[in-house]
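*Asks:* Here is my input; please provide its structure:
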Amino acid sequence: MPTVSRRFLPEVQMLRAVAVALVVVYHLQPRLLPGGFVGVDVFFVISGYLITGHLLREHERTGRIRLSAFWAARARRILPAGLLCIAVTLTAAYVVYPPTQWGDLGLAGVAAALSMLNWLLAAQSVDYQSSLNAATPLQHFWSLGVEEQFYLLWPLIVLGACALASRHGRRAIAAVFAAVVIASLSFSILEARAQDPAGYFLTTTRAWELALGGIVALVLPRIRVPDVLRSPLSLLGLAVIGVGALIIGGDTPFPGTAALVPVLGAVAVILAGTDEGRFSPARVYRWRPVQRLGDMSYSLYLWHYPPIVFFAAIVGRAPGWAWSILLGTAAIAAAWLSWRFVELPTRGSAWLAAHSRRGLMLGAAGIACTLVLAVSLPVTAHGTEAKWVRAAAAVDARGAQGAAAMTPAADRFFPDGTVAMTPSPSVARHDQEKLLPGHCMAVPKAATTPVCVAGDAHGTIRVALVGDSHANMLAPVIVAIAEQRGWRVETHLHASCPFNLEERALEVRGGSVCRSPNAATLKALLADPPDVVFVASWASGDFEASDTGQSPGVAGYATIWNRLTAAGSEVVAFKDVPKPRSNPLAVDCLAVHYTTPQDCGMPRDEALQGRDVVEQAQRLAPAVHIVDLTDRLCGTRTCPAVIGNVVVYRDSNHLTNTFVQTLLPYVEQRLPHDLPGSPAA
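*Replies:* Numbers count the residues shown, from 1 in each chain. Next up, the predicted model:
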């Protein structure tokens with residue numbers, strides 16, 4: 001039986017409209033539709049269905065698949081609007097973002113233009129610190145990368161499957177497609193169970209969704225859904241997609257089995273086809289606004305996201321309802337312009353369609369121009385950054401003062417009048433502790449906390465450094481003191497996990513796994529108590545309210561500390577550092593206000609708000625000693641972004657490693673004099 005082709009598929013247009021609406025609402029108001037990102041999965045099924053159907057019909061009609069013609073058609077359909085969006089977004093980013101971010105933006109632009117952004121995001125997502133970085137305005141191009149990689153490889157698979165079918169029958173095609181689905185879905189499930197954040201972006205975890213659409217294209221012409229079942233099946237599919245958008249959330253392991261919800265919903269709608277029954281959704285999907293939204297779905301997907309990210313970068317918060325309506329309306333207007341004056345003319349151009357080479361050359365030229373623009377961002381920033389680096393080198397050569405320059409007036413940014421800072425703003429963003437190997441700090445979702453050894457490996461006095469990334473941030477100071485005093489340091493570091501058994505909210509909201517690893521660490525410390533336990537954690541960690549009668553987290557800290565002191569360990573707790581400016585980040589603010597760093601500090605009251613959890617816990621654990629370095633970080637009125645020519649913060653809550661090094665003498669002074677191995681002892 002030959003494959004039947006319908007030129008107009010209103011149910012598919014409706015699915016496109018539903019998918020893009022879910023994504024747009026999710027990005028504007030994620031609390032309203034926490035699983036709206038499943039619209040991307042619906043798009044994948046549609047693409048797999050349409051593309052596979054086109055390829056199979058061509059092979060049945062001509063006995064071959066003209067790969068160059070197919071790729072040229074895809075280039076005409078996708079690249080003009082996509083590359084224009086990248087170019088406009090990068091140009092706007094040049095105005096909106098400071099030079100410190102142009103390098104990352106340029107890299108994202110290059111990856112998006114080459115349809116490889118999903119792999120870049122996958123590589124970045126495995127780095128804990130990348131979770132602190134805001135999304136770029138091009139981040140939504142990850143899904144387009146998946147689709148375009150599918151367009152490149154899938155025709156070759158279809159061609160090979162058709163060759164097998166010539167010998168073994170049409171079932172060979174189904175077997176090949178099914179093998180892709182099974183392999184990719186299995187890998188997707190494994191990645192989701194492992195809670196690997198990279199798995200969300202990988203083509204290999206998404207290919208099954210597109211391939212399943214291909215199976216639908218293969219079998220649909222050879223089956224007939226009874227008319228009486230068409231409307232219920234279509235309504236059921238839409239309901240399943242809607243329920244998925246409501247119940248799936250950011251904490252759901254995804255894609256994995258959860259992605260079956262929107263994928264099977266989309267398959268059901270496509271299988272149902274069109275129907276004019278009493279309860280048919282035909283009245284909805286034949287409604288002109290729905291069809292037009294389906295027409296514009298690609299352009300709307302392109303243009304809706306950059307303004308949302310720019311708004312957050314400029315205003316410092318997500319848009320509220322009024323701004324969401326305004327941004328959504330603007331996105332629809334931009335999408336219509338893109339669809340009407342870019343998509344339609346290039347897709348329907350007879351001149352381009354006449355020769356495949358023309359479409360391919362146009363696409364290659366567009367990609368090349370976009371790459372030049374993307375690369376120009378970091379190149380433009382290079383001159384400014386070179387000046388910063390030279391100034392930083394001069395500061396390093398004479399010895400940066402850092403914490404030593406702090407005074408109550410909090411105005412000693414450039415103590416000797418030299419307008420220079422180290423590390424330079426462009427380098428400060430990456431100036432983090434590298435003393436310990438990367439595997440010594442567990443990622444947030446790790447089920448266990450590793451133990452590493454530093455300091456004097458043969459020292460008879462054992463000290464433990466326990467906590468999250470803020471404990472890791474202080475590791476250079478602790479290890480330096482340990483090497484002076486002959487201590488053996490054992491680290492127990494787990495990102496996003498304060499050493500607190502009361503803490504649970506992060507496990508729900510941020511995906512961290514803390515209670516079990518913390519309990520195991522405490523058990524190990526009590527079984528073989530160290531002489532000293534240093535603890536440090538991010539004060540802004542999320543804690544669930546409890547009935548302890550204390551502020552959230554306080555009793556959890558005190559309980560652990562009392563158990564450690566009862567076991568014979570001295571406990572030294574560090575008060576967390578003040579909260580820096582976050583809109584924009586202090587280090588990005590310095591890129592704009594290099595000569596006036598006072599514009600990038602924080603009022604002391606705001607910076608220290610909520611930073612008293614350690615002092616509160618000490619009241620319940622009086623044997624614990626507190627190390628408070630606030631007077632080295634704040635004056636009486638402000639907490640500066642630069643002190644003694646040294647940049648203080650590298651991100652939204654961590655100190656630069658350069659500044660941490662200047663804190664060494666003050667930490668030594670404030671440690672208890674009777675600690676084992678200390679000079680006084």
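*Asks:* For the rest of this, base every contact and every neighbour count on C-alpha atoms.
*Replies:* OK.
*Asks:* Show me the longest helix that occurs in this structure.
*Replies:* helix 356-398 (DSSP state H).
*Asks:* next structured bit after that helix?
*Replies:* On the C-terminal side of helix 356-398, the closest following helix or strand by DSSP states H and E is helix 425-428.
*Asks:* next helix or strand past that following helix?
*Replies:* That would be, after helix 425-428 and using DSSP H and E, strand 441-442.
*Asks:* Parallel or antiparallel, list what pairs with that next one.
*Replies:* The pairing partners recorded for strand 441-442 under DSSP bridges are strand 487-494 (parallel).
*Asks:* Only C-alpha atoms, please: export the partner strand in PDB.
*Replies:* In PDB, the C-alpha atoms belonging to strand 487-494 read as follows (Å, rounded to 0.1, in the frame of the first residue of the first chain):
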ATOM      1  CA  TRP A 487      48.100  18.900  60.500                       C
ATOM      2  CA  ARG A 488      46.600  16.100  58.300                       C
ATOM      3  CA  VAL A 489      43.500  17.600  56.600                       C
ATOM      4  CA  GLU A 490      40.600  15.300  55.600                       C
ATOM      5  CA  THR A 491      38.000  17.000  53.500                       C
ATOM      6  CA  HIS A 492      34.300  16.100  53.400                       C
ATOM      7  CA  LEU A 493      32.900  18.500  50.700                       C
ATOM      8  CA  HIS A 494      29.500  18.200  49.100                       C
END
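*Asks:* and for that strand, what are the contacting residues?
*Replies:* 440-444, 449-469, 471-472, 479, 482, 521, 677 (CA atoms under 8 Å, 6 or more residues apart in numbering).
*Asks:* One more: stretch 349-366?
*Replies:* S68, A69, W71, A72, A73, A75, R76, L79, P80, L83, T346.
*Asks:* cutoff 10 Å now
*Replies:* Residues outside stretch 349-366 that contact it (CA atoms under 10 Å, 6 or more residues apart in numbering): 66-80, 82-84, 113-114, 346-347, 367-371.
*Asks:* same question, stretch 72-80
*Replies:* Against stretch 72-80 from outside (CA under 10 Å, 6+ apart): 51, 67-69, 71, 85, 113, 144, 148, 151-152, 298-299, 338, 342-349, 352-353, 355-364, 366-367.
*Asks:* Quick one, which of those are buried?
*Replies:* Neighbour counting with 16 or more other CA atoms under 10 Å marks 51, 69, 71, 85, 113, 144, 148, 151, 298-299, 338, 342-343, 346-347, 352-353, 356, 359-360, 362-363, 366-367 as buried within those.
*Asks:* helices and strands of this protein: which one bottoms out on pLDDT?
*Replies:* None of the helices or strands of the chain scores lower by mean pLDDT, DSSP states H and E than helix 505-509, at a mean of 47.
*Asks:* Now the element after that one, going C-ward?
*Replies:* Next element after helix 505-509 (DSSP H and E): helix 515-527.
*Asks:* That next one: how far from the chain's middle?
*Replies:* How far helix 515-527 lies from its chain's middle: 30 Å, per CA atoms, centre = their mean, to the nearest Å.
*Asks:* quick one: contacts of that helix?
*Replies:* The contact list for helix 515-527 (CA under 10 Å, 6+ apart) reads 442, 446-451, 464, 466-467, 492-494, 497-504, 506-507, 529-530, 533, 560-561, 563-569.
*Asks:* can you do 7 Å?
*Replies:* A447, T448, T449, F499, N500, L501, R504, L564, A567 (CA atoms under 7 Å, 6 or more residues apart in numbering).
*Asks:* Checking the fourth one next. Helix, strand or coil?
*Replies:* Secondary structure assignment for F499 (DSSP: H, G, I helix; E, B strand; the rest coil): coil.
*Asks:* So for the residue nearest to it when sequence neighbours are not counted, what pLDDT did the model give?
*Replies:* Spatial nearest neighbour of F499, chain neighbours left out: G467 (5.1 Å); criterion: CA to CA, 6 or more residues apart in numbering. Turning to G467, the model gives it a pLDDT of 94.
*Asks:* roughly how far apart are G467 and L436?
*Replies:* As judged by CA to CA, to the nearest Å, G467 and L436 stand 14 Å apart.
*Asks:* more crowded one of those two?
*Replies:* The neighbour count for G467 versus L436, taken as other CA atoms under 10 Å, is higher for G467 (26 against 16).
*Asks:* what's across from that one in the sheet?
*Replies:* L493, A536.
*Asks:* mind listing what it touches?
*Replies:* H492, L493, H494, C497, P498, F499, V535, A536, S537.
*Asks:* hang on, the fifth one packs against S537?
*Replies:* Put plainly, it is P498. Yes: applying CA atoms under 7 Å, one finds P498 in contact with S537, separated by 5.1 Å.
*Asks:* which residues do these two both contact?
*Replies:* Residues touching both P498 and S537 by CA under 7 Å, 6+ apart: G467, D468.
*Asks:* With neighbour numbers in mind, choose between those two.
*Replies:* Between P498 and S537, P498 has the larger neighbour count (other CA under 10 Å), namely 31 against 26.
*Asks:* Which residues are in contact with the more buried one?
*Replies:* G467, D468, S537, W538.
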